[in-house]
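In: This is a predicted model, with the sequence first.
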Amino acid sequence: MNLPNKLTVLRIFMIPLFLLIVSLPTNSWGNVGDIPLVHLVGAVVFALASVTDWLDGFLARKWKMVTNFGKFADPLADKMLVMAAFVVLVALDFSPAWVVAIIICRELAVTGLRLLLVEENGEVLAAAWPGKIKTATQMLAIIFLFLHFEIIGAILLYICLIATVYSGVDYFAKNADVFKGSM
């Protein structure tokens, strides 16, 4: 297994660690200022996992180590990490459930579209700029919300929501031909 794929697997293993940490009672480790230490440590673990998302893709392209496993596991790991964090944010009442529901529905719809495109013509749907902006704002919003920077986190969350909807519509509009003749 090459290094980019190991980073992807590491990100997957960081998800339960992140969930365990942020699920602890907020008074279990004390606070740093007004921030419960469990939220601070959770934000750091999430941030490190997010960095592996960028790093694995960068290294795979730079070293020409793109693999089918990486094409499959990298976006799956990203979605698992982000969805898990958003569910926790809703449970902690740090994020509106309706926003998270739209984000998760878009992720599932685009994942389904990716599967259809691979099945139909073997084409792997690469991430476009709107999707990259969506991912970056998702990850930043999650970090800021766990760090209790509510205003910055909320602004990033709503930018993420707009980018989520826009990128989802963009992916489906550009690939509408996959549905021709099947309806």
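Out: Good, I have the coordinates.

In: give the contact list for Val87.
Out: With contact set as C-beta atoms under 8 Å, 6 or more residues apart in numbering, Val87 has these partners: Val100. Any C-beta I mention is one placed from the backbone N, CA and C, and that applies to glycine too.

In: what's the offset of the host helix or strand of it from the middle of its chain?
Out: Per DSSP states H and E, Val87 falls inside helix 68-91. In terms of C-alpha atoms, centre = their mean, to the nearest Å, the centre of helix 68-91 is found 5 Å from the chain centre.

In: mind saving the C-alpha coords of it as CSV?
Out: Extracted C-alpha coordinates of helix 68-91, given in CSV (Å, rounded to 0.1, in the frame of the first residue of the first chain):
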residue,chain,number,x,y,z
ASN,A,68,-8.4,2.5,-7.8
PHE,A,69,-8.4,2.0,-4.0
GLY,A,70,-7.5,5.7,-3.6
LYS,A,71,-10.2,6.8,-6.0
PHE,A,72,-12.7,4.8,-4.0
ALA,A,73,-11.5,5.2,-0.4
ASP,A,74,-10.4,8.9,-0.4
PRO,A,75,-13.9,10.4,-1.2
LEU,A,76,-15.5,7.9,1.0
ALA,A,77,-13.2,8.7,4.0
ASP,A,78,-13.9,12.4,3.4
LYS,A,79,-17.6,11.9,3.5
MET,A,80,-17.5,9.7,6.5
LEU,A,81,-15.4,12.2,8.5
VAL,A,82,-17.5,15.2,7.6
MET,A,83,-20.8,13.5,8.1
ALA,A,84,-19.8,12.1,11.4
ALA,A,85,-18.7,15.6,12.6
PHE,A,86,-21.9,17.2,11.3
VAL,A,87,-24.0,14.7,13.1
VAL,A,88,-22.1,15.4,16.4
LEU,A,89,-22.5,19.2,15.8
VAL,A,90,-26.3,18.7,15.4
ALA,A,91,-26.4,16.6,18.6
